[in-house]
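Participant: Sequence and predicted structure are below.
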Amino acid sequence: MENAKELAGLLFPDISETPEYYEEKYPPRSLPDGARVTRFAPSPTGFLHFGNLFTCRVSYETAKTTGGIFYVRVEDTDQKRRVEGAVGVMLDGLSYFGIEPDEGVVANGEERGDYGPYCQSRRKRIYQAFAKRLVEEGFAYPCFCTAEELDEIRSRQEEAGEDITGYYGKYARCRSLSLEEIKRNIDLGKPWTLRLRSPGEAGRKCVFEDMIKGRIEAQENVQDIVLLKSDGIPTYHFASVVDDHLMRTTHIVRGDEWIASCPVHIQLNRLLGFKTPKYVHVAPIMKAQGEGKRKLSKRKDPEAAVSYYSEEGYPAESVNEYMMTLANSNFEDWRRANKNEGISKFPFNIKKMSVSGALFDIAKLNDISKNVISTMTSERVFELSLKWAERYNKGLAELYKKDGERARAILNIDRENKKPRKDIAKWSDIPDYISYMFDETFEPCYELSGNATPQLAAAVLEKYAAAVDLNDTKDEWFERIKALCPLVGCTPSVKEFKQEPESFKGHVGDVSTVIRVALTGRTNTPDLYEITRLLGKERVSERLCAALKHYREEI
C-alpha cells in the first residue's frame, strides 16, 4: 500500500521505539551450544489442569536437560477472564512439584530476569512497535468493520459454500481502503482493529516439522487475522510470536490443540523477520472410558485439577515420577537401574514422547506413590504428612503433636528395612492406616479370618493375656506365640497344618490373627510385635480383655 509509513505514523503517533531498539534491548542469550529456552505461558484463569502441568514438566525438563532456561510468562491480555490471585495459585502448583522458573513471573507481582516484563499486559508498547513496522512494510492495515458486518460476511460465505470462512481476499472490505478513507474514518471516531495483510494463498501448503509428531502439512494462512484489538491490546497470536522471539525461546512446548495455529505463527515470524522456534506439540492426557478413551476432563475427573494431588496428599516426587512414565516409555527401565537417583538425572528426550495421548491411570499413580513413600525415612514421612495434615486434616495433626516421637515410631513400623511395606499411597491414607494406634480413632472390629473361630479366639486371648510381656525381644515374643499354639489345639507349623489339617484347630498364623484382630480390629497390619510394643501395656491389656469378652458372649 502506498503511503504506508504515513499510515503507520497516523495509527501509532506515540510509538517512537523501533523493533531494532527491542532487538538490542533483548539480545540473543549467551548459552552453551544446544541449550534450549522454553516457557510456560498460562492465562491467569485460576485453574491448573493436570495436562498443563504435564506439558509444563516436559517444557521444564527440555530446558534443564540441555543446560538451558525455563521461564514463566503470564498471558493476561484478556482482562475479562482474569481471576484475582490466579497467578499465585498456579505458581504454587508448579513449586509444589519442584518446577521453579529460572526467570519470568516467579511470584504474585514479582518478576526475575532481563527479558521482561513477563506479563503481556505490561508489554503494550513493544507489540505496537512491531505492529507499526508491519504497517510500514504494507503487511498490516486498520479495519473498521463492526461485529454486525463481520457476521454478515460470514453468513455470505456460508451461503456460498466457501471452504474457508473469515476475513480474507474479496471479503476483506478494509484491505483496499485508501489513506484518505482511513483518515476520514479515524476523524469520525470510528474504532479500528489492526489486521494482518496475509500473503497466503488458498491451496498453498505450510509445511513444518514437529519434534514429536514429525512432518506436518496444513493450509497456509490466508486470513487477515486481527493483530491488535480496538483498545490496542494484541491478540494471542501476535503477542506470543513477538514474545517468543524477544525472550529468545528456542522450543515452544504446548498442547497439540495449538497445531492449527502454526500456519499463522509461522507466517507472522516470516513477515516480522524472526526465526521460527521449534515446535513440540504434546498430545492430551487421556482417560479410559468403556472400551474407548477420552480427554481427561476438569468437569468429570477430580484428578484433572492439579490441586487434587496436594489435597489428597500425594508427594510431589510421586506425581513427578508418574509424569515421567507418561513422558518417556524408557523411564521405568531407567528407574529400575537407578533406584536412588533423582529424576533430574534421567536423560529425558522429547523424541521419545508418544504421538498419541498418554493414558492417565490412577492405579498406576498409586503404585508408584507407594513405592516412593516406602523408600522414605519415618522422619520424612512424619514431616511431609504433618505439613499436609496441618492444612487438610486437623485431627491427624493433633494426634501427631500430642506425642511426636511415638507418631514417628508408629510410622517407622516395617520401614527403613530391605523390604519396606507399601501400604501408603498418599498422606490422606495415613489417618485410617494408623487409626488403631490411638484410642481416639480406634474402632474395634472382631471379624476373624482363616481358621480362626470365636471359640479359638477366646482360648487364644485367655492364654495370651496371661503370658504377654512387653519386655520381650521380637524373637522371645514370637516364641511365646508358638508355645501358646499347642495349648489351644493349634500347631506352630503352617507346613504341619497343611499336611494334617484335621488334626488341628489352626496354625501359628491363625493364633497371630486372633491377637492382631483383638489389638487392631484388622486382619492385615504391619509388624504385630512393634504394634504391641507401641500400644503399651495398659492399652494391650484393655483391648485383649474387651475382645475376650466379645468372643465369650458370641460362643
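Facilitator: Arrived safely, thanks for sending. Numbering: from 1, shown residues only.

Participant: Skip the chain neighbours and tell me the closest residue to residue 65.
Facilitator: residue 348 (5.0 Å; CB to CB, 6 or more residues apart in numbering). Where C-beta positions appear, they are placed from N, C-alpha and C, glycine not excepted.

Participant: Show me what whatever helix or strand residue 398 lives in is packed up against.
Facilitator: Following DSSP states H and E, one finds residue 398 within helix 394-402. Packed against helix 394-402 by the contact rule (3 or more CB pairs under 8 Å, 6 or more residues apart in numbering; DSSP states H and E) you find helix 378-392, helix 430-433.

Participant: For the helix or strand just after it, buried residues please.
Facilitator: Next in sequence after helix 394-402, counting helices and strands by DSSP H and E, comes helix 404-411. Buried residues in helix 404-411, counted by 16 or more other CB atoms under 10 Å: 407-411.

Participant: There's contact between residue 105 and residue 121 in this structure, I believe.
Facilitator: No. Look at residue 105 against residue 121 with CB atoms under 8 Å: they stay out of range, at 11.4 Å.

Participant: Looking at the two, which one has more neighbours?
Facilitator: residue 105 (28 against 16; other CB atoms under 10 Å).

Participant: Check which helices and strands the strand or helix carrying the more buried one is in contact with.
Facilitator: Assigned by DSSP H and E, residue 105 falls within strand 103-107. The helices and strands touching strand 103-107, judged by 3+ CB pairs under 8 Å, 6+ apart, are strand 69-72, helix 86-96, strand 110-112.

Participant: for the first one, the distance to its chain's centre please.
Facilitator: It refers to strand 69-72. 17 Å (CA atoms, centre = their mean, to the nearest Å).

Participant: helices and strands around it, which ones?
Facilitator: strand 37-40, helix 50-64, strand 103-107.

Participant: what is the rounded mean pLDDT of the longest one?
Facilitator: Helix 50-64 shows an average pLDDT of 95 in the prediction.

Participant: same question, the last one
Facilitator: Predicted confidence along strand 103-107 averages 93 (mean pLDDT).

Participant: Next: stretch 167-185.
Facilitator: For stretch 167-185, the per-residue pLDDT averages 95.

Participant: How about stretch 204-216?
Facilitator: pLDDT averaged over stretch 204-216 gives 96.

Participant: And it, end to end?
Facilitator: 14 Å (CA to CA, to the nearest Å).

Participant: And the contacts of it?
Facilitator: Stretch 204-216 has contacts (CB atoms under 8 Å, 6 or more residues apart in numbering) with 217-221, 251, 256, 259, 262-263, 266-267, 276, 278-283, 350-351, 353-355.

Participant: For it, buried residues please.
Facilitator: For stretch 204-216, by 16+ other CB under 10 Å, it's 206, 208, 210-213, 216.

Participant: ok, so of these, who is nearest residue 378?
Facilitator: residue 212 (41.7 Å; CB to CB).

Participant: my read is that closest one is in a helix, agree?
Facilitator: No. Assessed with DSSP: H, G, I helix; E, B strand; the rest coil, residue 212 is coil; it does not lie in a helix.

Participant: nearest spatial neighbour of it, skipping sequence neighbours?
Facilitator: Residue 212's closest residue in space is residue 353 (CB to CB, 6+ apart), at 5.0 Å.

Participant: What is the strand or helix carrying residue 368 packed up against?
Facilitator: In this structure, residue 368 sits in helix 362-374 according to DSSP H and E. Packing partners of helix 362-374 (3+ CB pairs under 8 Å, 6+ apart): helix 316-327.

Participant: Please write out the alpha-carbon positions of the next helix or strand after the helix it packs on in PDB.
Facilitator: Using DSSP H and E, the helix or strand that follows helix 316-327 towards the C-terminus is helix 331-337. The C-alpha coordinates for helix 331-337 follow below in PDB (Å, rounded to 0.1, in the frame of the first residue of the first chain):
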ATOM      1  CA  PHE A 331      11.800 -44.100  32.200                       C
ATOM      2  CA  GLU A 332      10.700 -47.100  34.100                       C
ATOM      3  CA  ASP A 333      13.600 -49.200  32.900                       C
ATOM      4  CA  TRP A 334      15.900 -46.300  33.900                       C
ATOM      5  CA  ARG A 335      14.300 -46.100  37.300                       C
ATOM      6  CA  ARG A 336      14.900 -49.900  37.900                       C
ATOM      7  CA  ALA A 337      18.500 -49.400  37.100                       C
END
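
Participant: Which elements pack onto helix 331-337?
Facilitator: helix 316-327.

Participant: what's next to the longest helix anywhere in the chain, contact-wise?
Facilitator: Scanning the chain for the helix with the most residues, using DSSP state H, yields helix 537-554. Counting contacts by CB under 8 Å, 6+ apart, the residues outside helix 537-554 that touch it are 439, 442, 444, 446, 454-455, 457-458, 461-462, 464-465, 468, 470, 515, 517-519, 532, 535.

Participant: which stretches of this structure have low pLDDT?
Facilitator: Within the chain, the ranges that satisfy pLDDT under 70 run 1-2, 46.

Participant: go again using 80 as the cut-off
Facilitator: Residues of the chain meeting the criterion pLDDT under 80: 1-2, 45-47, 78-83, 108-109.

Participant: Deepest-packed of the helices and strands packed on strand 103-107, please.
Facilitator: By mean neighbour count, with neighbours taken as mean count of other CB atoms under 10 Å, strand 69-72 ranks first of those at a mean of 25.

Participant: thinking again about what came up before, from the contacts of stretch 204-216, list the buried ones, please.
Facilitator: Taking 16+ other CB under 10 Å as the criterion, what is buried in these is 219-221, 251, 256, 259, 262-263, 266-267, 276, 278-283, 350, 353.

Participant: Select from the residues you listed every entry located in strands.
Facilitator: Using DSSP state E, the subset of those located in strands is 219, 251, 278-282.

Participant: Contact partners for residue 522?
Facilitator: Here residue 522 is in contact with 436, 445, 516 (CB under 8 Å, 6+ apart).

Participant: Tell me where the stretch 101-250 of the chain has strands.
Facilitator: Remark: strands assigned in the stretch 101-250 of the chain by DSSP state E, counting those that start in this stretch are 103-107, 110-112, 140-143, 193-196, 205-210, 214-219, 226-228.

Participant: what's the third one packed up against?
Facilitator: Pointing back at strand 140-143 there. So strand 140-143, by 3+ CB pairs under 8 Å, 6+ apart, packs with helix 4-11, helix 124-136, helix 179-187, strand 193-196.

Participant: Give the buried residues for stretch 529-543.
Facilitator: For stretch 529-543, by 16+ other CB under 10 Å, it's 529-535, 539-540, 543.

Participant: before we move on, what about stretch 513-523?
Facilitator: 513-521, 523.

Participant: any chance of the helices and strands packed on strand 103-107 in CSV, with distance to residue 479 too?
Facilitator: Putting the helices and strands packed on strand 103-107 into CSV (distance: least, CB to CB, whole Å) gives the following:
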stretch, distance to residue 479
strand 69-72, 59
helix 86-96, 48
strand 110-112, 64
